[in-house]
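Asker: Okay, predicted coordinates and the sequence, questions at the end:
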Amino acid sequence: MSGGSGGKKKLSKAERLRLQKEEEDRRLIEEEEARLRAEQEEAERLEKERIVREERERLEAKDQERRGTELAELHSLEENFLSARQWKADYRAHAKWEHYMQCDGSPDPAVPQEINTFMSLWQENKNEDIEFVIKKGNQVLNLIEKLNFLLLDTPPNELMEKVIIQYQESILELQSLLHQKYNEATEHLLKKASTFADSDSGNMDVVIKDKNITFCIWGNLKKNPRFKNHMFCDAENGFDLPKTVATSDVAVRILHTHYDHISPLQLIPKLHLKVQAPESKPELTVLYDMKEEKEEEQKSGEDSSLVIEKESDGRKSAISFKDSTKIDPGENEKLEEESDKKLENVSTISGVQVAPLQVATDEKEEEIIGENVVDLHQFTPVGGVYLIDALKLPPQAKQIKGWTMVELLDVGLETYPYPPESEETEDATYPRIGVILRLLDSVIFFEEPMVARWDSAGKQWRTDGISDIKYKMKEKQISFEMDAFYTITLIQDAHLNMPYQSWELRPNGTDELLFTVVTAFADVQMQIKGNQCMLSSVMVDGSEQLSHLTGKWTSLIDLIIALKKAGVNIFPSDYSYKYVCVNKKTPLAEFTTYQQMALVASAFAFSWSKWNLASGQDQVVFKVSEHLKTDAVKDEDWSLYMFNGQRAQRLRISETSEAFSEDLAENTEFHSTLYHLIKDFASEEAIEKVKKASCLFIDAISQLLIATRVLTYS
C-alpha cells in the first residue's frame with residue numbers, strides 16, 4: 001500500500017482555472033446585481049424627492065395664492081393692538097382728569113408747575129422730625145413711581161423728548177430732596193440726642209422701621225470705649241468702631257432705604273408693541289425695542305439716537321431717544337431674495353411691519369469696566385441701600401441753675417472724618433470698621449451676594465475697601481469690615497435665572513391665562529386676567545417665597561419692577577445677550593411669533609420645545625395645543641409648530657424624536673400666519689373664543705412675551 005494513497009488529491013491546473021473563473025463570474029454577477037439595486041434605490045430616492053419637492057412646491061404655491069386673504073384676515077385680529085393702545089391713551093387722559101377733579105392737594109408729577117411747587121414748599125419747611133419725614137417720604141416715593149410708570153407705559157411716539165427729560169429731572173430732584181430731608185431730620189434728632197439715652201449704656205439708641213426704610217442712629221454720649229460696638233436689636237443691624245472713634249463726639253447712622261436712589265437711573269426697555277397706524281395703507285406698524293448684537297447694526301442706529309445725561313447731586317442719569325422710519329413693503333421682496341441677510345433689519349410680516357430699534361449707547365458704557373468696579377449691566381443691587389455714616393454729635397443741652405442751656409451751631413449735619421483727613425497720615429493704616437447688616441425678608445438672594453460700596457467720585461459701585469465678609473444666609477445676616485464709612489449695597493448677578501429651562505403659556509378661563517417660567521433656581525408662575533397681572537407663586541427649593549407680592553392684581557410693568565426689586569429677574573435687558581447663552585433668533589421670527597401667539601392664546605396653550613435650539617436663527621419651534629379647560633395639558637396633546645414670521649408649518653417630529661427634521665406633518669399645509677395654521681386643526685369653539693378675546697388681554701400677553709423673550713432666552 002503506497003504512503004500517499006490516504007492524502008488529499010492535488011488539483012490540476014485546469015481545475016484551478018475553472019474554479020477561479022466560476023468565482024470571478026459569481027463576483028461579476030453580484031456586482032451587477034448590486035449596481036442594479038443601487039440604481040433602482042437611487043431612482044426610487046430621486047422619485048421620492050421629486051414627489052416631495054413637487055408636493056412642497058404645490059403647497060408653497062397654494063400658500064402664496066391665499067397669502068393676501070390670510071394677511072387681510074390676520075389684520076382684523078391685529079386691530080386689537082390699536083384698540084388696546086387707544087384704550088390706554090384714553091385711560092391715561094381719564095386718570096389725569098380724575099386727579100384734577102379730586103383737588104386733594106397731592107401734585108400731579110407730570111405737571112412741572114405742580115411738582116416744583118410741591119418741592120419748594122417742602123424745602124422751606126425746617127426742623128421736621130424723622131417720623132414726619134418718613135411719612136412725607138412715602139408720598140415722594142409714590143410720585144417717583146408714577147413718573148417711572150409714565151416713562152415705561154407711554155408709547156414713545158406719544159412722549160416728546162422734552163417731556164422725557166422733564167420726567168427724569170423730576171425723579172432726580174425728588175430723590176435729592178428726600179435725601180436732604182433725611183439729613184435735616186437726622187440733625188434735628190441729634191440736637192436732642194441726650195433725651196434718647198439708653199438706660200444701660202447712657203448712649204443714644206433710636207430705631208424707626210417703616211415699609212420703605214429702616215432708620216438706626218446711635219449717639220456716643222458717654223464716650224466709654226467699652227461701648228465701641230453696638231447692635232440695634234429691633235433692626236438687627238450693628239457696628240464695631242475703632243477705639244479712637246468710640247471716644248469721640250460721634251454718632252453713627254445706618255439708614256437702610258429699601259429702594260435704590262444711589263445707582264444711576266437706567267432706562268428699562270419698553271415692554272409693549274409700539275403700534276403706529278399708517279395714514280394711507282390698511283396695515284399696522286409694530287415696532288419693538290431690542291439690542292442688535294452686530295457692530296454694523298449698532299452703527300446704523302447712531303444717527304437716529306440721542307443720549308441725554310444729567311448730573312444731579314452726584315448722580316447721573318442717561319436716557320436714549322430713538323427715531324423710526326417706516327419701510328416700503330417692497331423691501332420685503334428683496335430680503336426674501338437675499339437669504340444671507342436673514343431678515344435682520346426690516347421686513348414686512350403679514351400685514352405688519354417690524355423695525356428693530358437701535359439702543360443708543362453711552363460712550364462710557366463702551367469702556368472696559370475697571371477692576372473692582374461693578375458692571376451694572378451684568379449685576380444689580382438687591383435689597384436696597386445702606387447709608388452708613390459717622391456724624392459729628394452736636395452740643396447737647398445742659399441744666400445749669402434751673403436753666404436749660406445749649407450751644408447752637410449753624411453748620412448743618414457734619415460728617416465725622418474717618419480715617420482722619422491729614423497729609424501726615426496719608427500712608428498710615430487705621431483700624432477697620434466692623435458692620436453687621438440684616439437682609440430684607442422681602443428679597444431673594446439665590447447665592448451669596450457681593451458687598452459693594454458707592455464711589456461718589458467715580459459714580460460707580462466698587463468692591464474694594466471691603467474685607468472679611470461673612471455670610472449667614474439662613475439667618476439673612478451678613479458681616480464685613482470696611483476701611484471708611486461707606487454707602488453699601490448687596491450685588492447679585494442679574495442673570496442668575498437665565499437662560500430659562502422651560503416655559504408654558506396656558507389659558508385657564510375667559511380672558512385668563514397662566515404663565516410659567518422654570519429657571520435653574522426658581523419656578524415663577526404669573527396670571528393674566530384682562531389687562532391685569534398677578535404673581536401666583538415663586539417656588540425656590542420646594543418652598544414658596546415673596547408672599548408679600550403674591551395674590552395681588554397689578555399692571556405688568558409694576559409686577560416686573562416689583563419682581564426685579566425682589567431679586568427675581570426673568571426679564572432680559574438690552575445688554576443681557578452679553579452675559580447669557582442666547583438661542584439667537586431673527587427679529588422677524590421671534591417678535592412676530594410673540595404677537596401671533598398673543599392673538600390666539602385665549603384658546604391655545606404654548607410651551608417650550610428642545611427643537612427650538614436646533615432649528616437655526618430663522619425659525620422658532622414651540623409646542624401648541626388647543627386648550628379650553630383649566631387643567632394641565634397632557635403630553636400627548638402637544639404638537640410641534642415651526643414659524644419664521646412669514647410661513648408657519650406643523651412638524652412631523654415629536655418632542656421625543658431622535659433628530660430634528662423640517663418635514664411637514666401628514667395631511668398638513670403651509671400657512672402665512674400662525675393663526676391660520678392653528679385654525680386648520682382647531683374646533684369652532686376655540687376659534688370663536690379667539691375672535692371674542694379682549695384687546696387688552698391680547699396686548700398684555702404680547703407685552704409679557706416680549707418682556708421675557710422666552711424664545712431666545714430658553
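Answerer: Perfect, I can see it now. If you're wondering where the values come from, they're calculated on a predicted model, not measured in any experiment.

Asker: Now do the longest strand belonging to the chain: which elements does it pack against?
Answerer: With residue count as the measure and DSSP state E as the assignment, the chain has strand 379-392 as its longest strand. Counting contacts by 3 or more Cβ pairs under 8 Å, 6 or more residues apart in numbering; DSSP states H and E, strand 379-392 packs against strand 250-257, strand 450-455, strand 487-493. All C-beta atoms are positioned from the backbone trio N, CA, C, and that covers glycine.

Asker: any idea how far the last one is from the chain center?
Answerer: Same thing as strand 487-493. Chain-centre distance of strand 487-493: 18 Å, with Cα atoms, centre = their mean, to the nearest Å.

Asker: what does the shortest one give?
Answerer: Distance of strand 450-455 from the chain centroid (Cα atoms, centre = their mean) equals 22 Å.

Asker: again, but for stretch 128-145
Answerer: So, by Cα atoms, centre = their mean, the centroid of stretch 128-145 is 28 Å from its chain's centroid.

Asker: Contacts for it, please.
Answerer: 106-107, 109, 115, 118, 122, 171, 174-175, 177-178, 181-182, 184-186, 188-189, 208, 210-213, 215, 259 (Cβ atoms under 8 Å, 6 or more residues apart in numbering).

Asker: so where do the helices sit in the stretch 101-250 of the chain?
Answerer: 112-124, 130-153, 161-190, 243-246 (DSSP state H, counting those that start in this stretch).

Asker: May I have the beta-bridge partners of Leu490?
Answerer: Val382, Val451 (DSSP bridges).

Asker: got a list of what the closest residue to Leu439 other than its chain neighbours touches?
Answerer: The shortest distance from Leu439 to any non-neighbouring residue, by Cβ to Cβ, 6 or more residues apart in numbering, is to Lys476 (4.1 Å). Shown in contact with Lys476 (Cβ under 8 Å, 6+ apart): 438-441.

Asker: Buried subset of those residues as a PyMOL selection?
Answerer: Filtering those down to the buried ones (16 or more other Cβ atoms under 10 Å) takes a single PyMOL command:
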select buried, resi 438+439+440
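
Asker: Among the contacts of Lys476, which one sits closest to Lys146?
Answerer: Leu440 (23.5 Å; Cβ to Cβ).

Asker: What sits closest to that closest one if chain neighbours are left out?
Answerer: Gly383 (4.8 Å).

Asker: any idea how far His179 is from that neighbour?
Answerer: 18 Å (Cβ to Cβ, to the nearest Å).

Asker: between these two, who's got more neighbours?
Answerer: A side-by-side neighbour count of Gly383 and His179, using other Cβ atoms under 10 Å, places Gly383 first with 27 against 17.

Asker: who's in contact with that one?
Answerer: Gly383 neighbours (Cβ under 8 Å, 6+ apart): 258, 439-440, 443, 445, 449, 489-490, 567.

Asker: Ala390 too?
Answerer: Each residue near Ala390 by Cβ under 8 Å, 6+ apart is listed here: 245, 250-252, 415-416, 418, 485.

Asker: Any chance of TSV for those residues, columns distance to Thr630, pLDDT and neighbour count?
Answerer: TSV is the format used below for the contacts of Ala390 (distance: Cβ to Cβ, whole Å; pLDDT from 0 to 100; neighbours: other Cβ atoms under 10 Å):
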residue	distance to Thr630	pLDDT	neighbour count
Val245	63	90	20
Val250	62	92	20
Ala251	59	93	24
Val252	56	95	26
Thr415	60	91	11
Tyr416	62	91	18
Tyr418	62	90	19
Phe485	56	95	23
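
Asker: Quick check: pLDDT value at Thr69.
Answerer: At Thr69, the pLDDT value in this model is 88.

Asker: Show me what the helix or strand hosting it is packed against.
Answerer: Taking DSSP states H and E as the criterion, Thr69 maps to helix 67-102. Judged by 3+ Cβ pairs under 8 Å, 6+ apart, helix 67-102 is in contact with strand 274-276, strand 284-289, helix 587-600, helix 674-680, helix 695-708.

Asker: buried sites along it?
Answerer: 67, 70-71, 73-75, 77-78, 80-81, 83-85, 88, 99.

Asker: Just to check, Gln545 is in contact with Ile444?
Answerer: Yes: counting by Cβ atoms under 8 Å, Gln545 touches Ile444, with 5.5 Å between them.
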